[in-house]
Every structure is written in C-alpha cells, then in structure tokens.
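[1] sequence first, predicted coordinates after that:
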Amino acid sequence: MQLALLQSADFKLIAKHCNLWRFADDIQDSVASVTNIMKQYSKSQIELTTHAGPGRWNDPDMLVLGNYHLSYDASRLQLAIWAVIAAPLIMTNDLESVRPEIKELLLNRDIISVNQDPLGQPGHKVLTSQNIQVWIRPVTPVSNFGKNSFAIAFVNLGGFAVCPLCPQIYQVQLHRLGLNSRRGYNVMDLFNRSHNLGLYTPKDTFNTRINPEGVTFYKFTVFPSN
C-alpha cells in the first residue's frame with residue numbers, strides 16, 4: 001500500500017466494518033521486506049494503533065519464516081514484531097518439512113500468548129538509536145495499581161558502521177521506555193523461557209545483546225500482578 005494512500009485511509013470507518021486490514025506492501029521472503037513493513041507501520045503507527053483492538057486488527061501480511069530466505073535471526077525478528085503489533089499469525093511454510101528450529105519458534109507458547117493477549121492492544125516503536133529500535137506492547141497481567149506488563153522487542157537492523165556483522169550490546173533505563181511501576185518488573189526471555197532475568201525497577205539499566213538483522217524479546221511482568 002502506498003504511504004499516501006495509507007495516510008488518507010479512514011481507519012475509524014474501516015475498523016467499524018472490518019475484522020482486519022492490510023496496511024503495507026505484499027510481503028516477500030526476505031528480511032528487507034519484513035523491515036520495510038515495520039517501517040511502513042511505524043510511520044503510521046498512531047493511526048494504526050488508535051483504531052485496532054479486539055475484533056479489529058492491523059494485518060502486515062503473512063509469516064514467511066520457515067520458507068527459504070530468512071535466517072534464523074530474521075525469523076525470530078518477524079515473529080517478535082508480528083506479536084508486538086498484534087498481527088494475525090498466518091503461516092506460509094510447508095508444515096511437513098519445516099526445520100526443527102523454525103518449528104520451535106512457531107510453537108513458542110509464550111510468544112503466541114503475547115500475540116493473543118486479552119488486552120488486544122497493539123504495540124508500537126518507541127525508540128530508535130542508530131540501527132537499534134525498541135518496540136513495546138502493553139499486555140496482561142495488570143497490577144492492582146493499574147500498571148501494565150509489557151512485551152518488549154529490541155531490534156538490530158544491521159549495518160552498524162563500526163562492525164556491520166557484529167552483535168551489539170544495547171543499554172537503556174526502563175523509565176525511558178515508559179516502564180514506571182516503582183514496584184518493578186520481573187523479566188523473562190520469551191525465546192528462552194528458562195532464562196528468568198529477575199526483578200528490574202524503572203531506574204535500573206537493562207542490557208541486551210542483539211544479533212544483526214535480529215531481535216531479543218522479553219516480557220516485563222509488573223510486580224505485584226494481583
């Protein structure tokens with residue numbers, strides 16, 4: 001979809017009559033296509049997030065991980081961002097011959113749970129720092145003080161000038177991302193459920209190591225959640 005057409009769309013009317021709608025170009029089996037759709041989403045994310053919710057979803061097109069051209073890191077990237085923006089998870093790969101590592105991704109219950117979170121509130125990009133992006137989605141549980149939990153994807157688009165093919169360490173204080181519950185958040189790696197990172201407060205600095213054209217993905221569960 002051309003940007004001018006997207007910006008002129010009446011999403012309030014679309015959401016009234018449709019359960020889902022495409023907002024970007026047809027996806028291709030490449031990391032460039034995945035990141036281009038992310039770019040299209042972020043340019044119009046205020047409109048797209050305002051009118052989406054339970055029963056009315058932004059559709060960035062189908063999952064292409066498990067086909068031919070996405071690396072393992074790029075496969076993780078697409079799955080994480082599609083979960084953050086509450087996209088329909090429609091697979092296109094051959095289920096009879098899917099590689100074990102891709103099957104494990106597609107069957108990740110924690111990421112599926114984020115995608116299908118009952119709040120139904122799509123996420124958005126909140127921060128860009130050179131080739132690093134941070135995408136956040138409010139999710140359940142909600143604390144008895146009305147504070148949300150969050151799913152957060154840290155994206156490395158690649159092409160870092162110093163070392164384009166190197167992983168990068170990214171650091172950020174949580175309050176810069178809007179995580180402001182003084183009681184803190186318990187952090188779990190969504191790609192490795194056994195990896196619990198413990199409790200972080202808004203003033204704490206969170207560190208993550210991200211492969212180029214890849215992602216790290218965490219759930220920050222507000223404490224206490226009941």
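    The structure has been received and is ready for your questions. Remember, predicted model here, so these are calculated numbers, not experimental data.
[2] could you pull up phi and psi at the residue in the chain sticking out farthest from the centre?
    In the chain, the residue that sits farthest from the middle, by C-alpha atoms, centre = their mean, is residue 96; the gap is 27.0 Å. As for residue 96, its main-chain torsions (degrees, to the nearest 10) stand at phi -80, psi -20.
[3] do the same with residue 169
    Torsion angles, degrees, to the nearest 10, at residue 169: phi -90, psi 130.
[4] surely it and residue 205 touch.
    No: if you go by C-beta atoms under 8 Å, residue 169 and residue 205 don't touch, sitting 11.3 Å apart. (C-beta placed from N, C-alpha, C; glycine too.)
[5] and the strands in the chain?
    Using DSSP state E, the strands of the chain run over 20-22, 57-59, 124-129, 132-139, 149-156, 168-173, 185-189, 196-200, 205-210, 214-222.
[6] average pLDDT across the third one?
    Which is strand 124-129. Average pLDDT, strand 124-129: 96.
[7] and the last one, by the same measure?
    Summarised as a single mean, pLDDT over strand 214-222 is 98.
[8] still on that earlier bit, hey, which of the strands of the chain is tucked in deepest?
    strand 149-156 (a mean of 25; mean count of other C-beta atoms under 10 Å).
[9] just give the strands next to it in its sheet, each with its orientation.
    Applying DSSP bridges, strand 149-156 is found paired with strand 132-139 (antiparallel), strand 214-222 (antiparallel).
[10] show me how this protein divides into domains.
    Here the domain parsing of the chain from the TED database is 11-116, 124-222.
[11] which residues does residue 129 contact?
    residue 170 (C-beta atoms under 8 Å, 6 or more residues apart in numbering).
[12] relative to residue 51, how far out is it?
    29 Å (C-beta to C-beta, to the nearest Å).
[13] and residue 2, what pLDDT?
    pLDDT, residue 2: 46.
[14] whoops, residue 7 was the one
    60.
[15] do the one 3 residues further on as well
    Looking at residue 10, its pLDDT stands at 85.
[16] residue 120 too?
    97.
[17] correct me, but it touches residue 86?
    Yes: Residue 120 lies in contact with residue 86 (C-beta under 8 Å); the separation is 6.6 Å.
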